[in-house]
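Trainee: how would this look folded up:
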Amino acid sequence: IRDRAADSLLEAIDKKLGKEEDSADESERRFVPFGQEMRAFEDGEALVIEGYPIVYDVYAPIGWFREIIRVGAASKALKKADELVLWDHESGQPMARRSAGTLKVAEDEYGVFIRADVSKTRWGRDGYEAIKNKVINKMSFAFDMNGGTEQWVKEEIEGVQIETREIFVFGHLYDYSPVS
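Mentor: Here you go, the predicted model:
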């Protein structure tokens, strides 16, 4: 359970970003650096990007709290999803799509692994070059918690009160996006 100061901070951020309090868009975005988890390569005529946009059991600082995604959190959402790979979360700039056969997604105990043939769109080809040349070095994913399971815990670490959000089950997964 969040305290009033945290809720006030979130409301102020939402106002600054122009987000309405009762907005229907409840999706969230997270990013992880590609590092050794992401690579770009050619496979015949295909331009492929692959890696882990979602990594399990690693604490990530998210503004005023930290977050950890537990092993298996994506299982339910992956069964009903038709995710896309979008350039910088822009819906008008698709790079690959699961239902089109250009995106393969697999979950293991490390996280969610994607392999996308991005050669079929202009944004995919441009994105491939940016990733291959290490101009873009992060990947983000969009999700919501509608129908998911999470827990908020307050703990004291080295004398500092920290809130931790544990995600056990995602509601929905929408896209994976190379971002700057």
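Trainee: quick one: contacts for V58?
Mentor: 68-69 (CB atoms under 8 Å, 6 or more residues apart in numbering). C-beta coordinates here come from the backbone N, C-alpha and C atoms, glycine included.
Trainee: Repeat that for A77.
Mentor: A77 touches 143, 148, 169-173, counting by CB under 8 Å, 6+ apart.
Trainee: Can you flag which of those residues belong to strands?
Mentor: 143, 169, 172-173 (DSSP state E).
Trainee: For my notes, please list these in a markdown table and give neighbour count for each entry.
Mentor: Below are those laid out as a markdown table (neighbours: other CB atoms under 10 Å):
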| residue | neighbour count |
| --- | --- |
| F143 | 25 |
| V169 | 16 |
| H172 | 18 |
| L173 | 24 |
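Trainee: possible to save those as a markdown table with pLDDT?
Mentor: Formatted as a markdown table, the ones in strands among the contacts of A77 follow (pLDDT from 0 to 100):
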| residue | pLDDT |
| --- | --- |
| F143 | 95 |
| V169 | 98 |
| H172 | 96 |
| L173 | 96 |
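Trainee: Out of the residues you listed, flag the one nearest to W64.
Mentor: F143 (19.3 Å; CB to CB).
Trainee: returning to what we had before: wait, which of the contacts of A77 is closest to A46?
Mentor: L173 (23.1 Å).
Trainee: The closest one reaches K80, doesn't it?
Mentor: No - contact criterion CB atoms under 8 Å: L173 and K80 do not qualify, at 9.1 Å.
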